[in-house]
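J.: Model the structure of this input:
(chains A, B, C and D)
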Number of protein chains: 2
Amino acid sequence: MPEPAVKLRDVARQAGVHPATASRALNPDTRLLVSEDTANRVLAAAAELGYQPDAVARSLRTRRSHTIGVLIPDLNNPLFPPIVRGLEDRLEADGYVALIGNTDGDDARERRVFEQMRARHVDGYVLATAHLRNPLLTEAIRAGVPVVLMNRIAADNSLPSVTVDNELGVRMAVSHLTSLGHRDIACIAGPQDVSTGLARYRGFRAGMAAAGLDVPAGRLAFARAFSIEEGHRCLRQILADGQPCTAVAAGNDMLAVGCYLALDEAGLSCPADMSVVGFNDMPFINMLRPPLTTLAFSHYQVGTEAARLLLERLNGSAGPAKVLYLTPELIIRGSTAPPATLTGRPAQGGAG
Amino acid sequence: MPEPAVKLRDVARQAGVHPATASRALNPDTRLLVSEDTANRVLAAAAELGYQPDAVARSLRTRRSHTIGVLIPDLNNPLFPPIVRGLEDRLEADGYVALIGNTDGDDARERRVFEQMRARHVDGYVLATAHLRNPLLTEAIRAGVPVVLMNRIAADNSLPSVTVDNELGVRMAVSHLTSLGHRDIACIAGPQDVSTGLARYRGFRAGMAAAGLDVPAGRLAFARAFSIEEGHRCLRQILADGQPCTAVAAGNDMLAVGCYLALDEAGLSCPADMSVVGFNDMPFINMLRPPLTTLAFSHYQVGTEAARLLLERLNGSAGPAKVLYLTPELIIRGSTAPPATLTGRPAQGGAG
DNA sequence: AGGCTCAGGGCAAACGATTGCATCAACGGT
DNA sequence: ACCGTTGATGCAATCGTTTGCCCTGAGCCT
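T.: Purely as a prediction, here's the structure:
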């Protein structure tokens, strides 16, 4: 037998006032409109009855739901849960809750989820799925709903965003490889229609150019998704028909894991035959065989900062969009070592 | 400038009917109440204007939100995302969306999230966080909201649940170890106030008893959480003051990963010095050093089945609670091998 | 032809909270 | 003593949809 929920009306009756008065007493912003005495009576009644306001009714009337829509491209990627956690923690502090949607990188699904959220009156969106140009973005803007981008950013920096400095990161990775003595370095770039894929690829070219190294087409592959399978496929392709190489820079850690599979399959070992470097330092990546050299940043912080940016908008600040870049840190682990031509010598040579 | 959303009223005006009629025409269940001709006019108008019903208003009126609250103890555990995915996929097929909440195993936080969801009129809950006796459960039941448990189950099987056969799984693991020749087997049990922790510990004792083996206290440790840190702590404790052993059965994969850390720290190697077996076969666990022997089951299916059970309830079926047990499969990988006393001999001995 | 049924569709009342406006008492100033 | 002011509270409309009820007109039977 369902227990009847306690309503504002009940609190009002118990306190001997009109529901409107009770409403005002309960809302901190309007509490000063009622006498302190009445306010206390209402508060006491609410506490005693265990009153919880009906978020749905409130949302219908106020047009605010205190709910934020969060779109994640792939929740199975361990990179995202810590980000989501950061978001939730920060949002909760301001009384918002996150509605999380998984899109699988599928546009149709993304649209469905987006509409669902809209119908539920979300007050804002945090998107980790943004393509460089995304129809959803303009649509949300037009509807007047604040949007913040996470991890990926938009083509024109027109939206508040928080991301790691991808280009810098990959330049650091390339510089690490060249300082180990590598000269023939392959690249498995991520999808070029999202900012992370593009910026990291740019970073790769910039890093190679700075070192005076060439990037022949045979040492370059573009993944269609940031997935293990695509990493596997791309490195296999490079190994099959590309120029020989001694190291590979992968667009992210998932692609790097795919590289491990391709190396196993080809009977090559990492780092003896080929060094691998990833991006993201996602959870568990330090426990792989071998532990992956990669670029780290605080995932949790990406979430909290995105939440902060969104809350700023929700609270009315309307300045130009802030784009926040976190600085990545190179974490050197067992997957990178001097190339075989150096270690092949009797000496256990490090390179300068 | 925010675009005004199109409302039922607009559709009705465009079709030349009353909003009530439009509402009936739009709802498949009541469509037969209006003439086919009118229904078509309304449908056409709705399509033309791009009408999306306001979920909030509807939910206020109908007391149904088509939203399901999902409570997850730790989204950072890669076990859960595939489960959530299964849930979402199955729920979406029936027009429901999942509201996901992370509880961090924190009771207070769990309660807050639970209340939030209640205020948002969720139609049901799927809990992966259930303690063996949980005040939230009785509370939800009393409020008349259907609840399904996932992964963990309640003490008295009074609620629809889907879980893997934990006891059987660990018996299989123990039998695997004994057949390799292990006799001194340690156990790192999970928290005993959740069903998975308890059932797996029972399975361990049952398996050992069946093999006629003893379980001295010094080879037993109880983790306070299913975390890497706790696994680390527990194995370290056993190594420090326990009887010597050649294998350890961990309460889940996270605890097993913690064991890897403790072994590294003690200068022991797996599986040469100590075999390790986990539970769950969570993503990435097959890529560790060494790949972990563990018990597998379809995580995705746990999600879909839980959704199915909940949908049954939502659609009015009121029979006794079904408890669904999935059968685990032992996946033998590199973390288990015959004990050193056997492999120490020149022959590459297998054991019967 | 009159009365019945019945399909089709409009009216208005919900759902529970918020909020602009009206009311009303008390009070102070002149 | 009267009037304007102010502080506290009640009234009622509103958010967008659904749904019980009633009304209307057409068709049918005797």
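
J.: My understanding was that residue A:258 contacts residue A:238; is that so?
T.: No. With contacts counted by Cβ atoms under 8 Å, residue A:258 stays clear of residue A:238, the gap being 11.7 Å. For glycine as for every other residue, the C-beta is placed from the backbone atoms N, C-alpha and C.

J.: Show me which residues of the stretch 101-250 of chain A sit near DNA strand C.
T.: Proximity of the stretch 101-250 of chain A to DNA strand C, by Cβ under 7 Å from any atom of the strand, involves no residues.

J.: quick one: the residue in the stretch 101-250 of chain A positioned nearest to DNA strand C from residue A:106, how far?
T.: Residue nearest to DNA strand C within the stretch 101-250 of chain A: residue A:121 (12.2 Å; Cβ to the nearest atom of the strand). Residue A:121 is 24 Å from residue A:106, where distance means Cβ to Cβ, to the nearest Å.

J.: which stretches of chain A form strands?
T.: In chain A, the segments counted as strands under DSSP state E are A:67-72, A:97-102, A:124-127, A:147-150, A:161-164, A:185-189, A:220-222, A:247-250, A:275-277, A:294-296, A:323-326, A:329-331.

J.: Mind putting those into CSV with distance to chain B?
T.: As requested, those are arranged in CSV below (distance: least, Cβ to the nearest Cβ, whole Å):
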stretch, distance to chain B
strand A:67-72, 8
strand A:97-102, 5
strand A:124-127, 13
strand A:147-150, 13
strand A:161-164, 19
strand A:185-189, 17
strand A:220-222, 21
strand A:247-250, 15
strand A:275-277, 13
strand A:294-296, 14
strand A:323-326, 20
strand A:329-331, 17
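
J.: In JSON lines, list those along with distance to DNA strand D.
T.: Converted to JSON lines, the strands of chain A look like this (distance: least, Cβ to the nearest atom of the strand, whole Å):
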{"stretch": "strand A:67-72", "distance to DNA strand D": "16"}
{"stretch": "strand A:97-102", "distance to DNA strand D": "19"}
{"stretch": "strand A:124-127", "distance to DNA strand D": "19"}
{"stretch": "strand A:147-150", "distance to DNA strand D": "21"}
{"stretch": "strand A:161-164", "distance to DNA strand D": "31"}
{"stretch": "strand A:185-189", "distance to DNA strand D": "45"}
{"stretch": "strand A:220-222", "distance to DNA strand D": "44"}
{"stretch": "strand A:247-250", "distance to DNA strand D": "47"}
{"stretch": "strand A:275-277", "distance to DNA strand D": "52"}
{"stretch": "strand A:294-296", "distance to DNA strand D": "46"}
{"stretch": "strand A:323-326", "distance to DNA strand D": "34"}
{"stretch": "strand A:329-331", "distance to DNA strand D": "49"}
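
J.: Check those strands for me: which has the lowest mean pLDDT.
T.: Of all the strands of chain A, strand A:97-102 carries the lowest average pLDDT, namely a mean of 90.

J.: what sits up against it?
T.: The contact list for strand A:97-102 (Cβ atoms under 8 Å, 6 or more residues apart in numbering or on different chains) reads A:66-72, A:74-75, A:84, A:87-88, A:91, A:110, A:113-114, A:116-117, A:120, A:122, A:126, B:84-85, B:88, B:97, B:99-101, B:113, B:116.

J.: Confirm for me that residue A:292 is in contact with residue A:253.
T.: Yes. Contact criterion Cβ under 8 Å: residue A:292 and residue A:253 qualify, at 6.4 Å.

J.: where does the stretch 1-150 of chain A dip in pLDDT?
T.: Along the stretch 1-150 of chain A, segments meeting pLDDT under 70 span A:1-3.

J.: just the helices in it please.
T.: A:8-15, A:19-26, A:36-49, A:55-62, A:80-93, A:107-119, A:135-142 (DSSP state H, counting those that start in this stretch).

J.: Residue A:165: neighbouring residues, count only.
T.: 17 (other Cβ atoms under 10 Å in any protein chain shown).

J.: So the residue of the stretch 51-200 of chain A found nearest DNA strand D versus residue B:180, what's the distance?
T.: DNA strand D sits closest to residue A:61 of the stretch 51-200 of chain A, with a gap of 3.5 Å, by Cβ to the nearest atom of the strand. Going from residue A:61 to residue B:180 by Cβ to Cβ gives 67 Å.
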